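Trainee: Everything below, folded, please.
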Amino acid sequence: MQTTFSILFYPRGNDIDRNGNAPIYARITVNGKRSEFSIKRKVLLTKWNSDAGKMRGTTSEVRELNKYMATIRTKLNKIQEQLSEKETLVTAQKIKNTYLGKTIKHKMLLEIFQEHNNKVEKLIGKDFAAGTAERYKTALKHVRDYIKLEYLLSDIPVKDVDHKFISGFEYYLKTTRNCSHNTAIKYITNFKKIIRIAFANDWISKDPFTSWKARLKIVDREFLTVEEIQTMVEKELHTERLDQVKDIFIFCCFTGLAYSDVKKLSANNVVIGIDGGKWIKINRSKTDTRSNIPILPTAEAILEKYADDSEIQRNQLLLPVLSNQKMNAYLKEIADLCKINKNLTFHLARHTFATTVTLSNGVPIESVSKMLGHKSLKTTQHYAKILDRKVSNDMLALKDKLTNYSNLFSASKSV
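Mentor: Residues are numbered from 1 along each chain as shown. This is a model prediction of the structure:
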């Protein structure tokens, strides 16, 4: 970007003393923005040459003052050149501060990040979900640890973040932190918001993310088949605890609820829907978007099974949900007992609802997206991409039709 730079000396006419003298100011202008300071000298307004920006006359007093202003001009020009060589952003304020010997305090990266996270924390339940706040907190920790490891510092000026820093941070996440590609990209995207805040506030002159593009890899999401669901439903387990975990997992397979949502599910979330049947209406913990889900018979049977449970009634909940860690640990055991060779997690139940229960049975993707509480249809489309079985069945049906056409064509030719 081309920079315009000028220096002007002028007497401030609205600050004249009793002798008619006005203080002389130096005005620095960079790209139309000004910064001024007093040079601690005064001049009679009648002796000032506005066109030349100096005093009129040839006396020693005049020569000394004009020489002094010329020296200031030279120093300011030199400072402007030095700043232009070192920094991409040169401002009138920076030039003035450098001349006056004032230290410019740079905004620090982790301070900005922490300020942002503090605001997010206070807006949980209003503008942000608790899960979002937790992700920003984790992203901040990763950035802090990376700076300590790579730069041996507790913090760095945000202006020092460049493409090399971003690339290095991505490499750190994938190697030292052993994050998957998509997880690393999501943390960097959280970090990117902080840099955008700095750019919007003019704390940095250039967005280092301009040449960095987030490219998430499409991941085939595992889900249970109809046969695997049936195997789990029919499997008799040896402990009550495993049986409860299995029931809640199957409930999620038939409602699409995430762990955090089924954990807080209460009677207030079950209403009579437009069709006269029972529906679950709940705001997702992750995104605060509304999920409206008709309760299928299998899910309703599980709710009825635990309707008289005194412990969950005391907590005003509908299902006895343990901690996520315990639930997933028990699911691993259930998978072994059912001989299901998949990594059973609670999120897999949500995938199963999207694929096996709904999309595979012809439920429109728009309806599935609404039930899952997705903000974007693109998110739901990831599930549709993996329905190879449905594609295969559809194509087999098409092949049968085309075979009939072929037979008719052959018969007409023989005639």
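
Trainee: hmm, who's touching the longest strand seen in the chain?
Mentor: When the chain is parsed with DSSP state E, its longest strand is strand 33-44. Counting by Cβ atoms under 8 Å, 6 or more residues apart in numbering, strand 33-44 makes contact with 9, 11, 17, 20-28, 55, 65, 68-69, 72, 91-93, 95-96, 99-100, all of which sit outside it. In short, each C-beta sits where N, CA and C put it, glycine included.

Trainee: Show only the entries of these found in helices.
Mentor: Mapping the contacts of strand 33-44 onto helices (DSSP state H) picks out Leu65, Tyr68, Met69, Ile72, Ala92, Gln93, Ile95, Lys96, Tyr99, Leu100.

Trainee: Not counting sequence-adjacent ones, nearest residue to the second one?
Mentor: This means Tyr68. Among residues not flanking Tyr68 along the chain, Arg41 sits closest, at 6.9 Å (Cβ to Cβ, 6 or more residues apart in numbering).

Trainee: Quick one, grab the pLDDT at the one you found.
Mentor: Per-residue confidence (pLDDT) for Arg41: 94.

Trainee: what are the ranges of the helices in the stretch 201-350 of the chain?
Mentor: 226-234, 240-253, 259-263, 297-305, 310-314, 324-338, 346-352 (DSSP state H, counting those that start in this stretch).

Trainee: wait, which of these is closest to Lys278?
Mentor: With Cβ to Cβ, the closest approach to Lys278 among the helices of the stretch 201-350 of the chain belongs to helix 297-305: 6.5 Å.

Trainee: which residues are contacting that closest one?
Mentor: Contacts with helix 297-305, where a contact means Cβ under 8 Å, 6+ apart, come from Val233, Asp247, Ile248, Ile250, Phe251, Phe254, Thr255, Val270, Lys278, Ile295, Leu318, Leu319.

Trainee: Only the buried residues of that helix, if you could.
Mentor: Going by neighbour count (16 or more other Cβ atoms under 10 Å), the buried part of helix 297-305 is Ala299, Glu300, Ile302, Leu303.

Trainee: repeat for stretch 171-181
Mentor: Neighbour counts over stretch 171-181 (16+ other Cβ under 10 Å) mark Tyr172, Leu173, Cys179 as buried.

Trainee: Between its first and last residues, how far does that stretch reach?
Mentor: 10 Å (Cα to Cα, to the nearest Å).

Trainee: Given whatever helix or strand comes next after the longest strand of the chain, what are its sheet partners and their directions?
Mentor: Where DSSP states H and E defines the elements, the next helix or strand beyond strand 33-44 is strand 48-49. Applying DSSP bridges, strand 48-49 is found paired with strand 54-55 (antiparallel).

Trainee: so where's the stretch 251-400 of the chain uncertain?
Mentor: Residue ranges of the stretch 251-400 of the chain with pLDDT under 70: 384-391, 393.

Trainee: wouldn't Leu83 be in contact with Ile95 here?
Mentor: Yes: counting by Cβ atoms under 8 Å, Leu83 touches Ile95, with 6.7 Å between them.

Trainee: With neighbour numbers in mind, choose between the two.
Mentor: Ile95 (23 against 17; other Cβ atoms under 10 Å).

Trainee: residues contacting Met55?
Mentor: Contacts of Met55 (Cβ under 8 Å, 6+ apart): Val43, Lys47, Trp48, Asn49, Val62, Leu65, Asn66.

Trainee: ok, it to Lys342 distance?
Mentor: Met55 is 88 Å from Lys342, where distance means Cβ to Cβ, to the nearest Å.

Trainee: Then Glu304?
Mentor: In this structure, Glu304 and Lys342 are 28 Å apart, going by Cβ to Cβ.

Trainee: isn't Leu344 right next to Lys332, touching?
Mentor: Yes: between Leu344 and Lys332 there is a contact under Cβ under 8 Å: 6.4 Å.

Trainee: More neighbours: which of the two?
Mentor: Using other Cβ under 10 Å as the criterion, Leu344 and Lys332 rank with Leu344 on top: 25 against 11.

Trainee: Let me see the contact set for the more buried one.
Mentor: By Cβ under 8 Å, 6+ apart, the contact set of Leu344 is Phe249, Asn328, Leu331, Lys332, Ile334, Ala335.

Trainee: I'd like the helices of the stretch 201-350 of the chain laid out as TSV, including distance to Phe37.
Mentor: TSV is the format used below for the helices of the stretch 201-350 of the chain (distance: least, Cβ to Cβ, whole Å):
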stretch	distance to Phe37
helix 226-234	76
helix 240-253	67
helix 259-263	57
helix 297-305	73
helix 310-314	71
helix 324-338	60
helix 346-352	61
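
Trainee: burial of Phe165, as a residue count?
Mentor: The burial count for Phe165: 20, using other Cβ under 10 Å.

Trainee: Once you drop chain neighbours, what's closest to it?
Mentor: Leaving aside its chain neighbours, Phe165 sits nearest to Pro208 (7.1 Å; criterion: Cβ to Cβ, 6+ apart).

Trainee: how deep is that neighbour tucked in, by neighbour count?
Mentor: 20.

Trainee: what does Gly53 give?
Mentor: For Gly53, the neighbour count with other Cβ under 10 Å is 17.

Trainee: Look up which residues are beta-bridged to the nearest residue to it once chain neighbours are set aside.
Mentor: Closest residue in space to Gly53, ignoring its immediate chain neighbours: Phe9 at 4.7 Å, by Cβ to Cβ, 6+ apart. Beta bridges link Phe9 to Ala26, judged by DSSP bridges.

Trainee: isn't Phe9 right up against Asp51?
Mentor: No: applying Cβ under 8 Å as the test, Phe9 and Asp51 come out as separate, 11.9 Å apart.
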